[in-house]
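Enquirer: when you get a sec, could you give me coordinates for this:
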Amino acid sequence: YDAQNHYQGYVQSAYKASLIKTQTLQLNSQIWKPLVILPHSQEVWIDVDDALLKEIAGVWLDASTMTIAPIDKEILQQISSLEKIQEMNAFLWKLALWTSKGRYPKIMDVDSPIYLRQWPDFTRYIVTPHALRITGFLVARSPEAMTDIAIMLNIELRFVYVFVSAAYALGLAGQAKRQVDTLIKATLPDIPPVKKGLFNRIISKMRGE
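Expert: Numbering: from 1, shown residues only. The predicted structure follows:
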């Protein structure tokens, strides 16, 4: 999936602009409620619940319907409602999970190794199925392709996709392109060809963007 065509992509752009300018900004939509980015505390404010957020996450949005602007005075008066304030990364993490819906980001090559910079803060983030196992696997080993992670952990590929989508959105995961990554990968034991070929035939119908 392409995050830039969904609410996730616009939120990430608004985050970047707000943090660079160190200015409180408001992401507006013609069909959605405003999101306020508070860069100094690294929090966001939005007057919606998770059920509604999950619905908008899967909707394709036209760029002409979205704007980023300084905070509106009327909205500023409502921000005192603390229960509507969320930690910035925790908000983006769950938004990426719900945008993914078991798919991987289009910008990533599904057959190339990925790495994980560090453990996600699971005390704040939604823990998806097998997220702890995937994290431990990637932290302890060299970079691996998403398909290979699913094989080695014996889990459904969609669980790897959704975890990688959220980790990538936060900058915790990325594509391994360094020469040293290739050298380390080459020293790892190979999966038996028969087992790998069988699994790849099974998942060939599951791949998609």
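
Enquirer: state the distance from the spatially most central residue of the chain to His130.
Expert: Residue closest to the average C-alpha location in the chain (C-alpha atoms, centre = their mean): Ala166, at 2.2 Å. Noted for Ala166: a distance of 13 Å to His130, by C-beta to C-beta, to the nearest Å. Heads up, the C-betas are built off the backbone N, CA and C, glycines and all.

Enquirer: who's Gln175 bridged to?
Expert: Counting by DSSP bridges, Gln175 is bridged to Ile114.

Enquirer: from what I can see it touches Asp111, true?
Expert: No: between Gln175 and Asp111 there is no contact under C-beta atoms under 8 Å: 10.6 Å.

Enquirer: now stretch 113-129: buried residues?
Expert: By neighbour count on 16 or more other C-beta atoms under 10 Å, the buried set for stretch 113-129 is 113-116, 120, 125, 128.

Enquirer: repeat that for stretch 32-45.
Expert: 32, 34-39, 43-45.

Enquirer: doesn't Phe163 fall inside a helix?
Expert: Yes: under DSSP: H, G, I helix; E, B strand; the rest coil, Phe163 falls within a helix.

Enquirer: where exactly do the helices run in this structure?
Expert: 7-21, 50-57, 73-76, 88-100, 131-140, 146-153, 157-169, 179-186, 193-203 (DSSP state H).

Enquirer: now find how far off-centre the third one is within its chain.
Expert: The reference is to helix 73-76. 29 Å (C-alpha atoms, centre = their mean, to the nearest Å).

Enquirer: could you do the second one as well?
Expert: The chain centroid and the centroid of helix 50-57 are separated by 15 Å, computed with C-alpha atoms, centre = their mean.

Enquirer: now the angle from it to helix 88-100?
Expert: Computed with axes from the mean of the first three to the mean of the last three C-alpha atoms, to 10 degrees, the direction of helix 50-57 lies at 60 degrees from that of helix 88-100.

Enquirer: tell me what helix 50-57 is packed against?
Expert: helix 7-21, helix 88-100 (3 or more C-beta pairs under 8 Å, 6 or more residues apart in numbering; DSSP states H and E).

Enquirer: which residues touch it?
Expert: 6-8, 32, 46, 48, 94-95, 98-99 (C-beta atoms under 8 Å, 6 or more residues apart in numbering).

Enquirer: what average pLDDT does that helix get?
Expert: What helix 50-57 shows for mean pLDDT is 94.

Enquirer: got the buried residues for it?
Expert: In helix 50-57, counting by 16+ other C-beta under 10 Å, buried: 53-54, 56-57.

Enquirer: low-confidence ranges in the chain?
Expert: Low-confidence segments of the chain (pLDDT under 70): 80-81, 178-209.

Enquirer: ok, Thr99 - how many residues close by?
Expert: Applying other C-beta atoms under 10 Å, we find 27 residues neighbouring Thr99.

Enquirer: before we move on, the earlier item: out of Gln175 and Asp111, which sits in the more crowded spot?
Expert: Taking other C-beta under 10 Å, Gln175 and Asp111 do not tie; Gln175 has more neighbours (15 against 10).

Enquirer: now the more buried one: how far from Val139?
Expert: 17 Å.
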